[in-house]
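Novice: what's the 3D shape of this:
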Amino acid sequence: MERATRQNTAIREAIEAAGRPLSPTEVLDEARRHVAALGLATVYRNLKALVDAGEIQVVTLPGEVARYEMARRGHHHHFRCDVCQRVFDVHECPGDLAAMAPPGFSVARQAVTLSTAQPARTVVFQLERPAKAAAPPSSVRAPATHGAQSGSGSLFVASNPPGARVFVDGKPVGTAPVRVPEVPSGAHVIRLELPDHRIWSTSERVAPGQETRVAGSLERIQ
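Specialist: Just a heads-up that it's a prediction; the model follows:
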């Protein structure tokens, strides 16, 4: 328990000291300055624990691995350098872009990504339908879903190219494409590994009684 506490503290302090979003491998490199024996699987487990505790939050950029920054930092956007691959905070904001959402949807989250390779601004919306929804007629039986019991759902994970090893919260669960049943509700870190390719990871939230689909594209190492 003492060792786990030291690892957790080293990971949290590495993210806090960086002042910018860090990838899991960046977290590992920084935290190893204080805990030399730290491994990547331990980093993933502690990142999930810190996300669940509300101490850090996930930063997701299109086509990128999940990164992590301290929580409760207020609304801001991010810039990714195409040379060093690092991500930095951008505190200027273009304003409320909710009017661009399709009819019948509201914007739950908006993000702006700036890149030197693609100077045009990319706007990413997380959309949600209004909470009000009609119940199915009594004569129609609702289709069964994976993880319908309280507190669990399921994951379907695919990779491009296919055949990547799939890890959920640092534990191997099979080879993509794979369906993972009985996944506890809440945030989970999904990692894909394939020989001669860069590790791909993201954080996804599983809802009770629902299936969350994840697809990752792995970049070949030159």
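
Novice: which residues of this structure score low on pLDDT?
Specialist: The chain contains residues with pLDDT under 70 at 1-4, 62-63, 73-75, 91-150, 222.

Novice: where along it do the helices fall?
Specialist: 2-18, 24-31, 40-52 (DSSP state H).

Novice: Domain ranges for the chain, per the record?
Specialist: Under the assignment automatic domain parsing, the domains of the chain span 2-70, 77-128, 152-217.

Novice: Kindly reformat those as a markdown table and extend each row with mean neighbour count.
Specialist: The way it works is simple: take the backbone N, C-alpha and C, and place the C-beta from them, glycine included. Shown next, in a markdown table, are these (neighbours: other CB atoms under 10 Å):
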| stretch | mean neighbour count |
| --- | --- |
| domain 2-70 | 18 |
| domain 77-128 | 12 |
| domain 152-217 | 17 |
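
Novice: sorry, back to before: need the helices of the chain in JSON lines (columns: distance to S217).
Specialist: Converted to JSON lines, those look like this (distance: least, CB to CB, whole Å):
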{"stretch": "helix 2-18", "distance to S217": "26"}
{"stretch": "helix 24-31", "distance to S217": "17"}
{"stretch": "helix 40-52", "distance to S217": "20"}
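
Novice: Please report how far the closest residue to E219 other than its chain neighbours lies from E16.
Specialist: Distances taken as CB to CB, 6 or more residues apart in numbering put R198 closest to E219, at 4.7 Å, once the chain neighbours are dropped. Noted for R198: a distance of 26 Å to E16, by CB to CB, to the nearest Å.

Novice: Strands of this protein, residue ranges please.
Specialist: 56-59, 67-70, 77-80, 87-90, 106-115, 122-128, 152-160, 165-168, 171-175, 178-184, 186-193, 200-206, 211-217 (DSSP state E).
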